[in-house]
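Peer 1: need a structure here:
(one chain, ligands or ions: 2)
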Amino acid sequence: MRIVVANRKGGCGKTMLSLNIAGTLAAHGKRILLFDLDPQASLSEILHRYADQVSQPLSNTLLAGDLAASITPTHIPAIDFVPADEHLSEINRGVDPHSRRTIRGRERLLANLLARSETTLSQYDMLIFDTPPDTRGDLTSTALVVADLVVVPIDPHAGARGAAVDILTLVEELQPFSDRTLHLALILNRIKMQTGSYDLQAADAARDAFGDSACKTIVPSWLAFPKAAEDGMPVAFVRGSDFNRAASVIYTLLQEVDRRLDGQLELPK
Ligand SMILES: Nc1ncnc2c1ncn2[C@@H]1O[C@H](COP(=O)(O)OP(=O)(O)O)[C@@H](O)[C@H]1O
Ligand SMILES: [Mg+2]
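Peer 2: Numbering: from 1, shown residues only. Ligands and ions are numbered 1, 2, ... in the order given. Now for the predicted structure:
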């Protein structure tokens, strides 16, 4: 199962959700490989994992070689990580960082890497990809081509509808490059939950507008998420009631997504 977290908006929660979906799945027995495809490398900073800790940065293995050379361990045994490196921004623009030539067949760069790294990937149940804000760059496209599920965090205040339409259009454009069925889950994130709050009203309006593609479970604005991230952790691996509460929202969300996918996440009941 391959999950891509994407939205052209910065700050809507892509990195937070990538980290915490990985954490909660790992806490429920899944072995996860988490990718940072954002040249800005926020996830790599959170996990304190850098491209110089691997024998080959991802920008190299995307073009040739096996993914094993780009993987580092994390503090959580069930999660391994592929850190971002600076050359990803050239690849995002379709340019080979070494030869400076335009990369041919770039929609399938990641698909080809995964195909030639089968033995490495057999150690994992799930691949999760955090992506850069500009969905028009090649890195988001290469991830959508290999994905079974695209998770779109939505900030109901800012450009939510545009962002969702953008992803839907992109998914349609990329269909010819993919041999998988891509499911979509829009997730309202960072909602202030006080009864009658402007956030809750905006969340309701967005859910109505998006219909079935929006999840019923919404992710509240809780400090537990940034606090855990500051310590390099998903909430599921931090002790304390605030973190437990945050982890259980992510779990409820994943259960909902699992029902939509007819149990493909294979979450324990
Ligand atoms: N549900 C939430 N509650 C509180 N803070 C959040 C929540 N979701 C995201 N944040 C914080 O908002 C900021 C932007 O989120 P981030 O995941 O980095 O967005 P993106 O990757 O889409 O740019 C980060 O500081 C993150 O910790
Ligand atoms: Mg991010």
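Peer 1: Can you give me the first-to-last residue distance of stretch 74-91?
Peer 2: 25 Å (Cα to Cα, to the nearest Å).
Peer 1: Do any residues in that stretch lie close to ligand 1?
Peer 2: No. With Cβ under 6 Å from any ligand atom as the criterion, ligand 1 is not reached by stretch 74-91; the gap is at least 12.0 Å. Any C-beta I mention is one placed from the backbone N, CA and C, and that applies to glycine too.
Peer 1: list the buried ones in that stretch?
Peer 2: Residues of stretch 74-91 classed as buried: 74, 76, 78-85, 87-91 (neighbour count, 16 or more other Cβ atoms under 10 Å).
Peer 1: Helix, strand, or coil at residue 186?
Peer 2: strand (DSSP: H, G, I helix; E, B strand; the rest coil).
Peer 1: Then residue 81?
Peer 2: Relying on three-state DSSP, one would call residue 81 strand.
Peer 1: wait, it sits on residue 70?
Peer 2: No. Contact between residue 81 and residue 70 fails when scored by Cβ atoms under 8 Å: they sit 9.4 Å apart.
Peer 1: Pick out whichever of the buried residues of stretch 74-91 sits closest to residue 180.
Peer 2: residue 82 (19.9 Å; Cβ to Cβ).
Peer 1: Is the closest residue to the closest one other than its chain neighbours bridged to anything, and to what?
Peer 2: Take residue 82 and drop its neighbours on the chain: the residue closest to it by Cβ to Cβ, 6 or more residues apart in numbering is residue 35, 4.5 Å away. According to DSSP bridges, the residues that bridge with residue 35 are residue 82, residue 129.
Peer 1: quick one: contacts for residue 35?
Peer 2: 58, 81-82, 127-130, 143 (Cβ atoms under 8 Å, 6 or more residues apart in numbering).
Peer 1: cool, and residue 231?
Peer 2: residue 238.
Peer 1: That one and residue 19, how far apart?
Peer 2: Note on residue 231: its distance to residue 19, by Cβ to Cβ, to the nearest Å, is 12 Å.
Peer 1: Tell me where the protein has helices.
Peer 2: Using DSSP state H, the helices of the chain run over 14-27, 42-47, 58-61, 88-92, 109-115, 118-121, 138-146, 160-174, 198-210, 224-230, 241-260.
Peer 1: if we look at the longest one, which residues are touching it?
Peer 2: With contact meaning Cβ under 8 Å, 6+ apart, helix 241-260 is reached by 20-21, 23-25, 27-28, 149, 151, 183, 185, 187, 215-217, 219-220, 222-225, 227-228, 234-236, 264-267.
Peer 1: Just the CA trace of it, in PDB.
Peer 2: The C-alpha coordinates for helix 241-260 follow below in PDB (Å, rounded to 0.1, in the frame of the first residue of the first chain):
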ATOM      1  CA  SER A 241      -2.800  12.200  27.600                       C
ATOM      2  CA  ASP A 242      -2.600  15.000  25.000                       C
ATOM      3  CA  PHE A 243      -0.400  12.800  22.700                       C
ATOM      4  CA  ASN A 244      -2.700   9.800  23.200                       C
ATOM      5  CA  ARG A 245      -5.700  11.900  22.300                       C
ATOM      6  CA  ALA A 246      -4.000  13.100  19.200                       C
ATOM      7  CA  ALA A 247      -2.900   9.600  18.200                       C
ATOM      8  CA  SER A 248      -6.400   8.300  18.600                       C
ATOM      9  CA  VAL A 249      -7.800  10.900  16.200                       C
ATOM     10  CA  ILE A 250      -5.200   9.800  13.600                       C
ATOM     11  CA  TYR A 251      -6.200   6.200  14.200                       C
ATOM     12  CA  THR A 252      -9.900   7.000  13.800                       C
ATOM     13  CA  LEU A 253      -9.100   8.800  10.600                       C
ATOM     14  CA  LEU A 254      -7.100   5.700   9.300                       C
ATOM     15  CA  GLN A 255     -10.000   3.400  10.200                       C
ATOM     16  CA  GLU A 256     -12.300   5.600   8.200                       C
ATOM     17  CA  VAL A 257      -9.900   5.600   5.300                       C
ATOM     18  CA  ASP A 258      -9.600   1.800   5.600                       C
ATOM     19  CA  ARG A 259     -13.300   1.400   5.300                       C
ATOM     20  CA  ARG A 260     -13.300   3.400   2.100                       C
END
